[in-house]
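> Fold the following and give me the result.
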Amino acid sequence: MNDEAYMRRAIAVGRRRRGSTGENPSVGCIIVSGGEIVAAASTAPGGRPHAETRALAMAGEAARGATAFVSLEPCCHHGQTPPCVDALIDSGVARVVTALDDPDPRVSGGGHQALLDAGIEVTQGILADQAKWELRAFLKRHINKRAYVTLKLAVSADGKIASKPGEPTAITGETARDRVHLLRAEVDAILVGVSTVLADDPDLTCRLPGMNGRSPVRVVSDSRLSIPLASRLVATANDVPVWIMTTNASDAATRGALETRGVQVIECLATHDGKVNLDDMLAKLAERGVSHVLAEGGAHMAKALVEADLVDEAVLLQAPVKIGPQGLAAMASLPLDTIRASARFRQRGESETLGADWLAKYVRVR
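Predicted structure coming up:
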């Protein structure tokens, strides 16, 4: 196997922990000695230990003289754990191969330089584009200072998300709904507008068997703090975190009632018409370690994100049934072709068949 083949394995190993490593990226590391993989590890759940230290611990003495393949530049700063470059140097590896430089200013080339200064051979940029895709949300948070947004839309064949406004409607089948739960398990937060909470009273958790613990933070954009205290989200806030992004944090009575129930209230800037400023909201989520947001709920939320040019990726799940002109359009007054036929997006990969439904993914290109 060559460097690209080994790096491909390292990137695949890192993919396993996507959505479960907190503010840290889900990195993959493999140790190769004598042409054999002697250890493979990803970042641990919660973000620590890092992939390199876990892989080196697995390899033991076999790491001496070996090559470490890592999907992201090893860290060189002291945080809650010692730097990974120290572990690599102490292990006696002869060579380190990486895919990407770490944009975190605490690292940003320092990891590679520390390895070189220790006499370790360093090869950079192997499968960089593939690693950028896998670590796209982490990169967005550090480079653009905001959370990466995936917009999920489950629509009928005529582009509707409900039979009529305020009426919850099952659009797609079980296979497609399971895929949505998997999407939830792979992100840091789920975002809905408060109108979705008022209309659907959703749980917004991952309910795949064995993956209940992978439910992300549930975020509600609620400018007036109008979320009902009896809603499912508020009732379960001590089990799965709920963050309310609002412009009305000065309402002490409502805020206190929510916080008593375990909800975190976060104040955001307001738009000219008093709504939550979405740019500021995504920046505040990034400050709290949220890299990847799955925007799930509300035609108006979908429209607002698209109009603000904040959608990085769109997942479109389409059912074969038609609802009719009385139905609620997926993005309010915006047509779906705003994404499907826009020069700003391109389809990534082929469409997937999910039972009677299909899934297409669109990625922002400019």
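> Any idea what the residue most central in space within the chain is bridged to?
Nearest to the geometric centre of the chain sits His292, at 2.6 Å (C-alpha atoms, centre = their mean). When bridges are called by DSSP bridges, His292 pairs up with Tyr148.
> from memory Ser20 sits against Ser26, does it?
Yes. Using C-beta atoms under 8 Å, Ser20 is in contact with Ser26, at 7.3 Å. From N, CA and C alone the C-beta is placed, and that goes for glycine too.
> these two touch, right, Val265 and Leu225?
Yes. Using C-beta under 8 Å, Val265 makes contact with Leu225 at a distance of 7.3 Å.
> Excluding chain neighbours, give the residue nearest to Arg54 in space.
For Arg54, ignoring the flanking residues on the chain, the nearest one in space by C-beta to C-beta, 6 or more residues apart in numbering is Ala41 at 3.7 Å.
> Surely that neighbour is in a strand?
Yes. Assessed with DSSP: H, G, I helix; E, B strand; the rest coil, Ala41 lies in a strand.
> Could you report the distance from it to Pro241?
With distances taken as C-beta to C-beta, to the nearest Å, Ala41 is found 27 Å from Pro241.
> These two: which has the busier surroundings?
Ala41 (26 against 16; other C-beta atoms under 10 Å).
> tell me the strands in the stretch 151-300 of the chain, going along the chain?
In the stretch 151-300 of the chain, the segments counted as strands under DSSP state E, counting those that start in this stretch are 160-162, 189-193, 217-221, 242-246, 264-267, 292-297.
> The third one - contacts with which helices or strands?
Under the contact criterion of 3 or more C-beta pairs under 8 Å, 6 or more residues apart in numbering; DSSP states H and E, the helices and strands touching strand 217-221 comprise strand 189-193, helix 194-200, strand 242-246, helix 278-287.
> who's in contact with it?
By C-beta atoms under 8 Å, 6 or more residues apart in numbering, the surrounding residues in contact with strand 217-221 are 188-194, 197, 204-205, 227, 233, 240-245, 275-276, 278, 281, 285, 290, 293, 301.
> Just the CA atoms of that strand, as CSV, please.
What follows is strand 217-221, C-alpha atoms only, in CSV (Å, rounded to 0.1, in the frame of the first residue of the first chain):
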residue,chain,number,x,y,z
VAL,A,217,-27.8,19.6,21.4
ARG,A,218,-31.3,20.8,20.4
VAL,A,219,-31.3,24.5,19.4
VAL,A,220,-34.4,26.6,19.0
SER,A,221,-34.4,30.0,17.4
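> quick one: it to chain centroid distance?
Relative to its chain's centre, strand 217-221 lies at 14 Å (C-alpha atoms, centre = their mean, to the nearest Å).
> Within the sheet, what are the partner strands of it, with directions?
In the sheet, strand 217-221 lines up against strand 189-193 (parallel), strand 242-246 (parallel) (DSSP bridges).
> Including mean pLDDT and distance to Val149, could those go into TSV?
Shown next, in TSV, are the strands paired with strand 217-221 (pLDDT from 0 to 100; distance: least, C-beta to C-beta, whole Å):
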stretch	mean pLDDT	distance to Val149
strand 189-193	97	8
strand 242-246	98	14
